[in-house]
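Colleague: Need the 3D shape of this:
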Amino acid sequence: MQASTEPSPEIEPEAGQAAPQPPQPEQLALPEAHLSLQKLLALPDWAHLQVGTIAQPFVNPIGGLTHSAAWMQQTNLLGTLGTGLSKPQKEWQEIDHWTVDLQLSLLNGNPNYGAQIGAVYSPQSLFGPVGFWPTLAALSRHPGKDWWGIQVGILPFEPYFLTPPISGLYVSDLVASTPGIRIPSFPVSPASGPGGVLTLRPTPTTTLLLGSFDLAAVGTVSNSLGVSSGIPPGPGWVHMAQLNFEPGWINPSGGGPIQACRRGSRLLRRSTTCERPVEVQQQLPGGQIQLAGYTGVGSIQGIYGQATVPISLPWGLDHRAWVATTYGGSANLNPNPTYIGGGLVSQGVLPGRPFDLMMIGVARAGFSPTLTPELSYEGAIELGYKFQINPSFSLQPTWLWILRPGGSGKVPGIGSFGLEITWGF
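Modeller: This next block holds a predicted model:
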């Protein structure tokens, strides 16, 4: 008997019976950290205190001037005072926008590891003379839902300028560092200097940042706690402007959770209907385009651009591709005035590890034809995997290959292995 080819009539719910509802998605989020300095000290809602440590042990068994190992570690104590710290932003009054922010950083280890093995850019993103650094002492007005904010005092220019959020996911100095800014007096964290930043939000997807920093005082601030920073006095004030775009087409999820589907023991990115939907806590920054420039006395000038965009790939749960470039016209002051870098970061690549990140990055920095005409460029390829244990603890093994270390072509390429350990409470 031939089966009927006529479509079956749809079964409608009986009168008074609700239509079947789609399954509610399972919520997946990182477990809360067990240790909290806030709870341990029973601090009031208007005072927040955090301690965090980043350690970066590295070893280079291949190439370089010598085979060696080194450890760098930075511990940050961050305190914030403000009436709006524990309030939803939509309930803020004017006083709730304001905070007093303090950060003290302790750097220890071997800051000369990169130079010892023959590289200009260290395998570690942590570098600088050991000791206590007064990294932040500022009065801040946070925009919240408002259109403007400001921060004034002693501060570094990160994370405001030339530091896309995705760069913080890398370990090596060349891939993770502020691109194209190697002028010694620039206030690159943990160094800081007198300055201020004005934040303007003309639209929900556009942010304009205007900042000024006194380069002449950066070394004085760093030395105030006894750090022999060796930072020479800068030529004076530098002024910076940066425009951040976060349009819907480059940030479609709006920072919300990743929509996934559970099929057997695997999680896949959800693209169609799903019987077992899952919402996974996002660990990647949103899409963003940055355009920036800086100028100041002593012929300091430069331009910068960066784009981080979400892309679709047949593996993992979510992905970001990025590219950044800098041109510093002040070749008589900036030893590395040109930079180009890019990479890919993916979340949830391994089964059963939905919060982990896998990253690959490449970067190339050119040398000043005025200061070091005999040098050309130094490059790096970084491959890493971040095991995110909870919001405040992670382990990130990293493999790094340094191309043309030192820029002269006389030092063999360096292959190194490292581990970044991040812990806080």
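Colleague: Check the offset of stretch 375-395 from the chain's centre.
Modeller: The chain centroid and the centroid of stretch 375-395 are separated by 11 Å, computed with C-alpha atoms, centre = their mean, to the nearest Å.
Colleague: my bad, should have said stretch 213-229
Modeller: 24 Å.
Colleague: Excluding chain neighbours, what is closest to residue 351?
Modeller: Nearest residue to residue 351, sequence neighbours excluded (C-beta to C-beta, 6 or more residues apart in numbering): residue 266, at 5.7 Å. Glycine gets a C-beta too; all of them are placed from N, C-alpha and C.
Colleague: wait, I meant residue 48
Modeller: If the residues on either side of it in the chain are set aside, residue 48 comes closest to residue 80, at 4.5 Å by C-beta to C-beta, 6+ apart.
Colleague: shaky segments in the stretch 301-425 of the chain?
Modeller: Across the stretch 301-425 of the chain, the ranges flagged by pLDDT under 70 are 331.
Colleague: To clarify, my last question referred to the chain.
Modeller: 1-21, 34, 178-180, 331.
Colleague: correct me, but residue 36 touches residue 390?
Modeller: No: applying C-beta atoms under 8 Å, one finds residue 36 not in contact with residue 390, separated by 11.4 Å.
Colleague: Which strand or helix spans the residue nearest to residue 48?
Modeller: For residue 80, the element it lies in under DSSP states H and E is strand 69-81.
Colleague: That strand - contacts with which helices or strands?
Modeller: strand 47-62, strand 98-109, helix 113-117 (3 or more C-beta pairs under 8 Å, 6 or more residues apart in numbering; DSSP states H and E).
Colleague: partners of that strand in the sheet?
Modeller: Sheet pairing here is set by DSSP bridges, and for strand 69-81 it gives strand 47-62 (antiparallel), strand 98-109 (antiparallel).
Colleague: Out of those, which is closest to residue 326?
Modeller: Among these, the nearest to residue 326 by C-beta to C-beta is strand 47-62 (23.7 Å).
Colleague: roughly how far apart are the closest residue to residue 273 other than its chain neighbours and residue 279?
Modeller: Spatial nearest neighbour of residue 273, excluding adjacent residues (C-beta to C-beta, 6+ apart): residue 22 at 8.0 Å. Residue 22 sits 13 Å away from residue 279, going by C-beta to C-beta, to the nearest Å.
Colleague: need the contact list for the residue nearest to residue 393 when sequence neighbours are not counted.
Modeller: Leaving aside its chain neighbours, residue 393 sits nearest to residue 423 (5.2 Å; criterion: C-beta to C-beta, 6+ apart). By C-beta atoms under 8 Å, 6 or more residues apart in numbering, the contact set of residue 423 is 52-53, 392-393.
Colleague: okay, those in TSV with distance to residue 69 and neighbour count next?
Modeller: Compiled in TSV, those are given as follows (distance: C-beta to C-beta, whole Å; neighbours: other C-beta atoms under 10 Å):
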residue	distance to residue 69	neighbour count
52	24	16
53	19	14
392	27	19
393	23	17
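Colleague: Mind checking what secondary structure the residue nearest the centre of the chain has?
Modeller: A centroid search over the chain (C-alpha atoms, centre = their mean) returns residue 168, at 2.6 Å, as the residue closest to the centre. Following DSSP: H, G, I helix; E, B strand; the rest coil, we place residue 168 in the helix state.
Colleague: can you count the residues close to the closest residue to it other than its chain neighbours?
Modeller: Distances taken as C-beta to C-beta, 6+ apart place residue 176 nearest to residue 168, at 6.9 Å, with adjacent residues excluded. By other C-beta atoms under 10 Å, the residues close to residue 176 number 24.
Colleague: Residue 176 contacts residue 126, correct?
Modeller: No: counting by C-beta under 8 Å, residue 176 stays clear of residue 126, with 9.8 Å between them.
Colleague: The residue nearest to residue 168 and residue 46, how far apart?
Modeller: According to C-beta to C-beta, residue 176 and residue 46 sit 34 Å apart.
Colleague: Take the helices and strands packed on strand 69-81 and lay them out in TSV including distance to residue 131.
Modeller: Below are the helices and strands packed on strand 69-81 laid out as TSV (distance: least, C-beta to C-beta, whole Å):
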stretch	distance to residue 131
strand 47-62	16
strand 98-109	7
helix 113-117	17
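Colleague: So which of those is the most surrounded?
Modeller: Among the helices and strands packed on strand 69-81, helix 113-117 has the highest mean neighbour count (mean count of other C-beta atoms under 10 Å), at a mean of 20.
Colleague: which strands and helices sit next to it?
Modeller: The contact analysis (3+ C-beta pairs under 8 Å, 6+ apart) places helix 113-117 against strand 69-81.
Colleague: Show me where the stretch 101-250 of the chain has its helices.
Modeller: 113-117, 173-176, 218-223 (DSSP state H, counting those that start in this stretch).
Colleague: can you list contacts of the last one?
Modeller: Put plainly, it is helix 218-223. Residues from elsewhere that reach helix 218-223 (C-beta under 8 Å, 6+ apart): 133-134, 154, 185-187, 191-194, 229-234.
Colleague: Give me the subset of the residues you listed that lies in strands.
Modeller: Per DSSP state E, strands hold the following members of the contacts of helix 218-223: 133-134, 154, 193-194.
Colleague: which of those residues count as buried?
Modeller: Those of the ones in strands among the contacts of helix 218-223 that meet the buried threshold are 133-134, 154, 193-194, by 16 or more other C-beta atoms under 10 Å.
Colleague: Can you add distance to residue 69 and give the residues you listed back as CSV?
Modeller: Output for these, formatted as CSV (distance: C-beta to C-beta, whole Å):
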residue, distance to residue 69
133, 24
134, 30
154, 34
193, 33
194, 38
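Colleague: Among the residues you listed, which one lies nearest to residue 30?
Modeller: Using C-beta to C-beta, residue 133 comes nearest to residue 30 of those, at 29.8 Å.
Colleague: Settle this for me: the closest one is touching residue 77, isn't it.
Modeller: No: counting by C-beta under 8 Å, residue 133 stays clear of residue 77, with 11.0 Å between them.
Colleague: Compute the distance between residue 220 and residue 105, please.
Modeller: Separation of residue 220 from residue 105 (C-beta to C-beta) stands at 17 Å.
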